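# here's my sequence, what's the structure:
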Amino acid sequence: MGASVPKVLLPIKGRPLLSYVLESARAAGATRTIVVVGTQKEQVMAAFGRSGAEFAVQMVQCGTAAA
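Model (predicted):
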């Protein structure tokens, strides 16, 4: 996508993409949400640190399918 921010932080209708995913998970009854982060993890963790989501750091990034 060529953006300087992580894809999950790109705004869609004024909100970061990841906010829709977390909202949907809560609405579906999820009691725990874990976000896998890697490149630019600090930005994602800062943006969603208070969301109640937990973070798992993917140390070796082999592409989207490996997450």
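
# Thr33: how many residues sit nearby?
For Thr33, the tally of surrounding residues (other C-beta atoms under 10 Å) stands at 15. Heads up, the C-betas are built off the backbone N, CA and C, glycines and all.

# Phe48 is in contact with that one, correct?
No - in terms of C-beta atoms under 8 Å, Thr33 does not count as a neighbour of Phe48; the distance is 9.5 Å.

# now do the shared contacts for those two.
Shared contacts of Thr33 and Phe48, defined by C-beta atoms under 8 Å, 6 or more residues apart in numbering, comprise Leu22.

# now do the strands in this protein.
With strands called from DSSP state E, the chain shows them at 11-12, 15-16, 34-37, 54-57.

# want to throw these into JSON lines with distance to Ala27 and mean neighbour count?
As requested, those are exported to JSON lines (distance: least, C-beta to C-beta, whole Å; neighbours: other C-beta atoms under 10 Å):
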{"stretch": "strand 11-12", "distance to Ala27": "17", "mean neighbour count": "10"}
{"stretch": "strand 15-16", "distance to Ala27": "15", "mean neighbour count": "14"}
{"stretch": "strand 34-37", "distance to Ala27": "17", "mean neighbour count": "15"}
{"stretch": "strand 54-57", "distance to Ala27": "18", "mean neighbour count": "11"}
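
# make JSON lines from the ones you listed and add distance to Leu22 to it.
Listed next are these as JSON lines, based on distance: least, C-beta to C-beta, whole Å:
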{"stretch": "strand 11-12", "distance to Leu22": "13"}
{"stretch": "strand 15-16", "distance to Leu22": "10"}
{"stretch": "strand 34-37", "distance to Leu22": "8"}
{"stretch": "strand 54-57", "distance to Leu22": "11"}
